[in-house]
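Chemist: Sequence below, structure please.
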Amino acid sequence: MTALFLRDIKLGIRAGGGMLTGILFFMIIVTVIPFGVGPDLNLLSRIGPAILWIGALLASLLGLDRLFQAERDDGSLDLLMMQETPLTLIVFVKCLAHWVAGVLPLVIAAPLLSLFMNMNEVAIGALVLTLLAGSPAITFIGAAGAAVAVSLPRGGLIVSILVLPLTIPVLIFGVSAVYAAVEDPAPFLPPFLALLALSLFFAVIGPFAASLALRASSE
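Modeler: Numbering: from 1, shown residues only. Next up, the predicted model:
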């Protein structure tokens, strides 16, 4: 499992630009918004948390289609299914590696990009916490979509179509938690705990659903 984890991190960084592609896409989304809404700093600070969460969500979807593609192309996916280690656990490890290689850099870049949106220190801190809590749920949801589309042409578009509607609750609770922290510290906890609950829930459901989809696609 450790070897698989490290291998997937290397593949995630190298394949198609990997980490750099996601950060650049995230940066483009955030930097274009001020040109569209104008130089109103108050408006930018109000919409900043939502824009950054949307940017992080869309950037997280970029590499999901490649989550199982390398194993599918070289035939090692069948070998993974025949191992004694449960396929659900293997998928879970691959999801963790994808999150570390492709999503965690977005969380690290978020404070710097927040400056483009004129966000204060409290909003930036809440944004980072909510991204850390909620972004794993996006990866685990995406694993199921990637498994369904692994054998289909142009799987990236199909994965985005399948995954995006399911990530809406994560987006809603993430943005709500950031706004709650800025307006009043008291209500920050309920939406933040909801984010953690979503990540824990999909950490169980996502790999299990992905393993079922992978077995179905191999038959």
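Chemist: close enough to count as contact, residue 119 and residue 45?
Modeler: Yes - applying Cβ atoms under 8 Å as the test, residue 119 and residue 45 come out as touching, 5.7 Å apart. C-betas here are computed from N, CA, C, even on glycine.
Chemist: And these two? Which one has more around it.
Modeler: Relative neighbour count places residue 119 above the other of residue 119 and residue 45, with 25 against 16, counting by other Cβ atoms under 10 Å.
Chemist: picking up where we left off before, look up the residues that both of residue 119 and residue 45 are in contact with.
Modeler: By Cβ atoms under 8 Å, 6 or more residues apart in numbering, residue 119 and residue 45 have no common neighbours.
Chemist: Going along the chain, name the helices of this protein.
Modeler: 2-14, 18-37, 41-60, 69-74, 76-82, 87-98, 104-114, 121-148, 155-163, 168-183, 189-218 (DSSP state H).
Chemist: right, so those helices: which one is the most enclosed?
Modeler: The densest packing among the helices of the chain, expressed as mean neighbour count by mean count of other Cβ atoms under 10 Å, is seen in helix 121-148 with a mean of 24.
Chemist: which residues of this protein score low on pLDDT?
Modeler: Counting by pLDDT under 70, the ranges of the chain that qualify are 1, 8, 11-19, 70, 73-76, 78, 151-156, 184-186, 218-219.
Chemist: now do 90
Modeler: The model of the chain has pLDDT under 90 over residues 1-25, 29-48, 60-91, 93-95, 97-103, 115-120, 122, 142-164, 181-190, 210-219.
Chemist: can you pull the contacts of residue 67?
Modeler: With contact taken as Cβ under 8 Å, 6+ apart, residue 67 is in contact with 94-95, 98, 142-143, 146-147.
Chemist: I meant to write residue 104 there.
Modeler: For residue 104, counting by Cβ under 8 Å, 6+ apart, the contacting residues are residue 135.
Chemist: Could you measure from it over to residue 132?
Modeler: Look at residue 104 and residue 132: by Cβ to Cβ, to the nearest Å, they are 8 Å apart.
Chemist: Then residue 83?
Modeler: From residue 83 to residue 132 the distance is 31 Å (Cβ to Cβ).
Chemist: Thanks a lot, see you next time.
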